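Asker: Build the 3D model from these lines:
(one chain, ligands or ions: 1)
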Amino acid sequence: MHVAVIGAGYVGLVTGACFAEMGNDVIIMDIAEDKIEGLRNGRVPIYEPGLDQMIKRNVAERRLTFTTKIEEAVQKSLIIFIAVGTPPDCDGCADLSQVYYAAQNIGQAMNNYKIIVTKSTVPVGTTRRVRDIIGAVTQHPFDVASNPEFLKEGNAIEDCMKPDRIVIGVDDVRVGEILKELYSPFMRTGKPMFVMNLESSELTKYAANGFLATKISFMNELSRLAELVGADIELIRAGIGSDPRIGSQFLFAGLGYGGSCFPKDVAALTQTGRQLGVTLSILEAVQEINKSQRIHFCQKILAHYGSDSLQGKKFALWGLSFKPRTDDIRDAPSLDVGHFLLERGASLRVFDPVAMENAAIIFKDLVQYAENNYDCVEGQDALIIITEWNEFRYPDFERLKNCLNEPVIFDGRNLYDPKKMRELGFTYYSVGRSHAIP
Ligand code: NAD
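Answerer: Numbers count the residues shown, from 1 in each chain. Modelled structure (predicted):
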């Protein structure tokens, strides 16, 4: 099939490359000229495992092309996915200006029948609004559909090639059939494809992210109780996660969720509720807990030094991306924790396997950038672990101890065994494990 993807971000690039991988002719369009220029020259602007190779392969086979011209993308394609950003506005609502602008441009560029699909995460009612915007500027026939994306950064190719499910929202079953055909090569593992109305499809995406964020905040809140009563949140996680009604995923206590999706989607969903007079009180609480979890962690650092000031203290920060296997630092805990420490006079030396460039855009020259994780801790007063990259899981602890001025670790991701750390001579703080606190 001939497919266009509008927006060459995490979602647009991955889904576009995967559609091409399945033999479709795909054209990815973005207004960012440098991005498209780079892609044409083989430079992939984001870090996502496996994406580079997949793009190269499909470009070489001429199934995948890039453009900044909306006419080129629209006129060559039957199905056009809108995969532009939907960042939060200052009230927490989804800012839909990129989606509406893209819709208008698509409408103006149309030359015959098209199916325009919202893949961006958009509040209920947006796809109908997209239809109105396009209808106002074109005489050509078209249909709209909603097809929210569930991929996870860091595992995006696998998620896209073998999705758990595909959700399609349509007004007309015939459009659903065309989209089912496009997706059928991805569903050979027998996973379900759900065709529903537009509103249900749009809301399904928010429900999924809202529920997953709720699991995380539930465990984080419980971890604070565990710390006070002598319980271990890791044991509790194992104890409840084996119940299939609960499931073992998204039960890790830590520094809370971040990234480009959960924070903004939970905020947008609560705003939609408010606008319609429905208070989504669970999700209001989920957001509060998420914010305070980062502060709670920082308070442990202050408590260790027995002061509100960290003047003259030097900290090593391991991990800047909001989660492992991505360079995305949007709403990452590293930003809140980092600024909290800087504001109290501390100095920071940071390391992340792939997110250094993005972090430098935010932290500029406020922090020092290390070459690797050992270089990061050299001459620092304590190590703070923010992101659970695999390479941080089994460090050479003796070397670590020799590098640090004092053997102190604040672990926001529970990477190590508190007992072992004590035996190794570390003062080790983690999350929800009271016996870890000396
Ligand atoms: P992103 O910010 O990485 O990319 C968006 C791209 O759209 C940018 O390259 C931007 O230049 C481009 N763009 C903006 N306006 C445009 C226009 N009018 N025409 C063409 N290009 C335009 O965003 P993302 O992370 O890929 O997210 C896109 C959408 O998918 C969001 O709604 C997000 O919530 C949703 N989503 C994201 C993820 C994820 O893990 N990142 C997962 C599922 C869903």
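Asker: can you tell me which residue is nearest the centre of the chain?
Answerer: Nearest to the mean C-alpha position of the chain, by C-alpha atoms, centre = their mean, lies residue 259 at 4.0 Å.
Asker: show me what contacts that one?
Answerer: Residue 259 makes contact with 153, 322-323, 326, 328, 330-332, according to C-beta atoms under 8 Å, 6 or more residues apart in numbering. Every C-beta, even on glycine, is put in place using the N, C-alpha and C of the backbone.
Asker: can you pick the most crowded of those?
Answerer: residue 322 (29 neighbours; other C-beta atoms under 10 Å).
Asker: number of nearby residues for residue 239?
Answerer: Look at residue 239: counted by other C-beta under 10 Å, it has 11 neighbours.
Asker: which bits of the chain sit near the ligand?
Answerer: Proximity of the chain to the ligand, by C-beta under 6 Å from any ligand atom, involves residues 6-12, 29-32, 35, 83-86, 98, 101-102, 120-121, 149, 151, 153, 260-261.
Asker: For residue 296, which non-adjacent residue is spatially closest?
Answerer: Excluding its sequence neighbours, the residue lying closest to residue 296 (C-beta to C-beta, 6 or more residues apart in numbering) is residue 224, at 6.4 Å.
Asker: The one you found is in contact with residue 295, isn't it?
Answerer: No: counting by C-beta atoms under 8 Å, residue 224 sits too far from residue 295 to count as a contact (11.3 Å).
Asker: neighbour count winner among these two?
Answerer: Applying other C-beta under 10 Å to residue 224 and residue 295 shows that residue 224 carries more neighbours, namely 16 against 12.
Asker: and the residue of the chain found nearest the ligand, what does it touch?
Answerer: As assessed by C-beta to the nearest ligand atom, the ligand sits closest to residue 9 within the chain, at 1.8 Å. By C-beta under 8 Å, 6+ apart, the residues touching residue 9 are 30, 46, 83-85.
Asker: Max pairwise distance over the residues you listed: which two?
Answerer: 46 and 84 (14.8 Å; C-beta to C-beta).
Asker: So between those two, which is more surrounded?
Answerer: Per other C-beta under 10 Å, whichever of residue 46 and residue 84 has more neighbours is residue 84, with 25 against 19.
Asker: what about that one, which SS state?
Answerer: The three-state assignment at residue 84 reads coil, by DSSP: H, G, I helix; E, B strand; the rest coil.
Asker: And residue 349, by the same measure?
Answerer: Secondary structure state of residue 349, per three-state DSSP, is strand.
Asker: Repeat that for residue 8.
Answerer: Strictly by three-state DSSP, residue 8 counts as coil.
Asker: For it, report the pLDDT, please.
Answerer: At residue 8, the pLDDT value in this model is 98.
Asker: ok, it - how many residues close by?
Answerer: By other C-beta under 10 Å, 26 other residues sit near residue 8.
Asker: Contacts only, for the nearest residue in space to it that is not next to it in sequence.
Answerer: Nearest residue to residue 8, sequence neighbours excluded (C-beta to C-beta, 6+ apart): residue 30, at 3.8 Å. Residues in contact with residue 30 (C-beta under 8 Å, 6+ apart) are 6-9, 12, 36, 66, 68.
Asker: Please, where are all the strands along the chain?
Answerer: 2-6, 25-29, 64-67, 79-82, 114-118, 142-146, 166-170, 193-196, 314-318, 347-351, 368-369, 382-385, 408-411, 427-429 (DSSP state E).
Asker: who wins for proximity to residue 303 among those strands?
Answerer: strand 427-429 (9.0 Å).
Asker: want to throw the contacts of residue 259 into TSV with distance to residue 196 and pLDDT?
Answerer: Shown next, in TSV, are those (distance: C-beta to C-beta, whole Å; pLDDT from 0 to 100):
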residue	distance to residue 196	pLDDT
153	26	92
322	30	96
323	29	95
326	30	92
328	29	93
330	29	94
331	30	95
332	33	97
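Asker: from the residues you listed, which is closest to residue 162?
Answerer: Nearest to residue 162 among the contacts of residue 259 is residue 153, at 16.3 Å by C-beta to C-beta.
Asker: thought that closest one was touching residue 48?
Answerer: Yes: using C-beta under 8 Å, residue 153 is in contact with residue 48, at 6.7 Å.
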